[in-house]
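>>> Predicted coordinates and the sequence they were generated for:
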Amino acid sequence: MSQSPYNLVVLISGNGSNLQALIDASGTPALPNTRITHVISNRKAAYGLERAAKASIPTTYHNLVPFKRKHPQTEAGTTAARTEYDASLAALILGLEPRPDVIVCAGWMHILTPDFLNPIAAAGVKVINLHPALPGEFAGAGAIERAWEAGRSEGLKRTGVMIHEVIAEVDAGEAIVTREVELREGESLDELETRIHEVEHGLIVEGTRRTLEGIKK
Ligand SMILES: Nc1nc2c(c(=O)[nH]1)N[C@@H](CN(C=O)c1ccc(C(=O)N[C@@H](CCC(=O)O)C(=O)O)cc1)CN2
Ligand SMILES: NCC(=O)N[C@@H]1O[C@H](COP(=O)([O-])[O-])[C@@H](O)[C@H]1O
């Protein structure tokens, strides 16, 4: 009897080239017995939503604005809005049928709070993230440019890419797989970004496969 498929939910915010790598790999030996059951973006204009639609994958635009409108534009109000947004995102995902085995952050440019992470963990769903840096380096947004700058100004010889477990502390979760990328003297930022994106597209598939291999269906 064939094993039931692994189900992925992918979170995006932009172009979706890493989502496309997962779409292309799903069901192949690179990512066997796996399907993407839903794609969620926090940005309406994310081209990744079109990529998902072309692949007949259901999509949701999870908009922060309605949550912000319910609260004053103060620090406390912003925190309350993000708390409700994250709890709503968790409820959305846990209400999906089939429920995902793994949530993959593929260029998801929103820091996930415990209001998302806790209910997802309680439901036994893993969350992993693609980050264009090595463990302990350049956490947060803009990692590629910061590594490029460090290559120019500090003589940094290499950066890299990792797939890691998502915890409350940003980009600090246990690494699942890493790949070093050399920094080349005189290379432009665009050229480095192109080389890093090529590494990302392979690593996000490998990191997702390794994560699924650890899950008993
Ligand atoms: N709790 C966690 N949330 C997220 C993680 C994580 O490891 N733990 N990884 C990120 C992805 N990411 C880097 O890999 C990242 C994305 C965005 C930001 C950030 O500063 N976002 C700002 C808003 C930026 C914007 O909207 O343009 C913010 O959320 O305030 C940092 C790191 C996914 N989330
Ligand atoms: N901190 C996370 C982060 O910076 N992720 C970056 O978002 C891009 C998404 O590209 P995509 O939308 O084409 O997949 C990725 O290239 C990755 O470097």
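Looks like it came in fine. Residues are numbered from 1 along each chain as shown. Ligands and ions are numbered 1, 2, ... in the order given.

>>> residue contacts, whatever residue of the chain ends up closest to ligand 2?
Using CB to the nearest ligand atom, the closest approach of the chain to ligand 2 is made by residue 107 at 2.5 Å. From N, CA and C alone the C-beta is placed, and that goes for glycine too. Residue 107 is in contact with 12-16, 18-19, 48, 130, counting by CB atoms under 8 Å, 6 or more residues apart in numbering.

>>> and with 7 Å instead?
12-14, 18, 130 (CB atoms under 7 Å, 6 or more residues apart in numbering).

>>> where's residue 161, which helix or strand?
Assigning secondary structure by DSSP states H and E places residue 161 in strand 158-165.

>>> What's the mean pLDDT across that strand?
What strand 158-165 shows for mean pLDDT is 98.

>>> how about it: buried residues?
Of all the residues in strand 158-165, those buried under the rule 16 or more other CB atoms under 10 Å are 159-164.

>>> what's across from residue 165 in the sheet?
Listed beta-bridge partners, residue 165: residue 128 (assigned using DSSP bridges).

>>> re earlier: return the strand holding residue 161 as CSV; C-alpha atoms alone will do.
Extracted in CSV, the C-alpha atoms of strand 158-165 (Å, rounded to 0.1, in the frame of the first residue of the first chain):
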residue,chain,number,x,y,z
ARG,A,158,32.7,33.2,2.3
THR,A,159,29.0,33.4,3.2
GLY,A,160,26.4,30.8,2.6
VAL,A,161,22.8,29.5,2.8
MET,A,162,21.0,27.5,5.4
ILE,A,163,17.7,25.8,6.0
HIS,A,164,16.9,25.9,9.7
GLU,A,165,14.2,25.2,12.2
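
>>> if we can go back for a sec, inside strands: which ones of the contacts of residue 107?
12, 130 (DSSP state E).

>>> so what's the closest residue to residue 70 other than its chain neighbours scoring on pLDDT?
Nearest residue to residue 70, sequence neighbours excluded (CB to CB, 6 or more residues apart in numbering): residue 81, at 6.8 Å. On pLDDT, residue 81 comes in at 97.

>>> Then residue 171?
At residue 171, the model reports a pLDDT of 97.

>>> Surely it and residue 134 touch.
No. Assessed by CB atoms under 7 Å, residue 171 is found out of contact with residue 134, at 10.1 Å.

>>> Residue 171 and residue 143, how far apart?
8 Å (CB to CB, to the nearest Å).

>>> And residue 110, by the same measure?
Using CB to CB, residue 110 is found at 16 Å from residue 143.

>>> quick revisit: give me the contact status of the strand holding residue 161 with ligand 2.
No. Applying CB under 6 Å from any ligand atom, one finds strand 158-165 out of contact with ligand 2, separated by at least 7.7 Å.
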